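got a predicted structure plus its sequence, pasted below:
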Amino acid sequence: MQFRQKALSKLQSPEELDVPVRFARPQGRLVLAVTVVVIAVAGYWALTGTVASKLSAPGVLTHAEGSYLLQSPVAGQVTDVLVKEGRSVSPGTPVLTVRTDRGDRPVRAVAGGRVTTLFARMGSVVTTGADVATVERVTDPKDPLVAVLYLPGDAASTLQVGARVDLGVQSVPRDRYGVLRGRVEAVSRTPQTREQIGAFLGDSGLAAQFSGQGNPVAVLVRLDRSSSTPSGYTWSSTDGPPHPIDSGTPVTGAVHLSAQRPVDWLLP
């Protein structure tokens, strides 16, 4: 009987027109207002804000003119090593002496610079064309260092001269002394082959490492100078490390790319 009465009442007022309409509860209005504000702020930021990004790449500290591998023009046994690592040599300076069938022959420096590595030792046997030393092309030991980074070939279009670069130096604890500061000075127009990298750095091992994923683009980074730090360069910390940094030290660079609007970054 109760069910029948309820059914008859439902038929008499099928649309429930006499029941007040409730649009939203107070809590619902608050959630709606917050949602509208968030969407408005996000839309404004997407149109007017910027997104900063970085591109990381390995590299090495060196001098601007790079290094070269000194090779022996003759085959024989090394009878005398005439220079020590770290010594500066001028073009034509004898670096070592090789005893051949025709007598002792000197191996001379091709260009001036600083001998950074000696591969040939007293008594060792060398063949024609063997690497005997690495010579860094530097006329003044006080010439500033630069960093050379090697990025994937398709990254060249995203880089701009003058872009800020943060360099993590392998021999310097980052959590204590921070990173080295610099700016992009030049970007190679074409990818570098392993042979080109080796010829510039004077190190075939580094050349193989930097070209392991294909021919990279070379990026020259000019280091920011500072007269108030022991190293002579600017660091993210106040003083940086309490010692100079050496050429040939591996680094990892983070290049700051041009800021983009979020709407351009998100859309294709």
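Yep, that arrived. The model shown is predicted, which means the values in this text are computed figures rather than measured ones.

how about low-confidence regions in the stretch 51-200 of the chain?
Scanning the stretch 51-200 of the chain for pLDDT under 70 picks out 51-52.

which residues of it fall in helices?
For the stretch 51-200 of the chain, the helices defined by DSSP state H, counting those that start in this stretch cover 174-177, 194-201.

reformat those as JSON lines; add distance to Phe119 and mean neighbour count.
All C-beta atoms are positioned from the backbone trio N, CA, C, and that covers glycine. Shown next, in JSON lines, are the helices of the stretch 51-200 of the chain (distance: least, CB to CB, whole Å; neighbours: other CB atoms under 10 Å):
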{"stretch": "helix 174-177", "distance to Phe119": "32", "mean neighbour count": "12"}
{"stretch": "helix 194-201", "distance to Phe119": "14", "mean neighbour count": "18"}
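
which one, of the ones you listed, ends up nearest to Leu145?
helix 194-201 (13.4 Å; CB to CB).

which strands or helices does that closest one pack on?
Here helix 194-201 touches strand 67-71, strand 146-151, helix 204-210, going by 3 or more CB pairs under 8 Å, 6 or more residues apart in numbering; DSSP states H and E.

returning to that earlier point: wait, which of the helices of the stretch 51-200 of the chain is closest to Arg102?
Nearest of the helices of the stretch 51-200 of the chain to Arg102, taken as CB to CB: helix 194-201 at 29.7 Å.

relative to strand 67-71, how tilted is the closest one?
100 degrees (axes from the mean of the first three to the mean of the last three CA atoms, to 10 degrees).

got a list of contacts for helix 194-201?
Helix 194-201 has contacts (CB atoms under 8 Å, 6 or more residues apart in numbering) with 60, 62, 66-69, 148, 150, 192, 204, 206-208, 210-211, 215-216, 218.

by how many degrees do it and strand 146-151 diverge?
Going by the same axes, to 10 degrees, helix 194-201 makes 170 degrees with strand 146-151.

avg pLDDT for stretch 252-268?
On average, the pLDDT along stretch 252-268 is 65.

contacting residues around the spatially closest residue to Ala130 that is not a sequence neighbour?
Distance criterion CB to CB, 6 or more residues apart in numbering; nearest residue to Ala130, sequence neighbours excluded, is Ser72 at 5.1 Å. Contact analysis of Ser72 by CB under 8 Å, 6+ apart lists 98, 107, 120, 126-130, 132.
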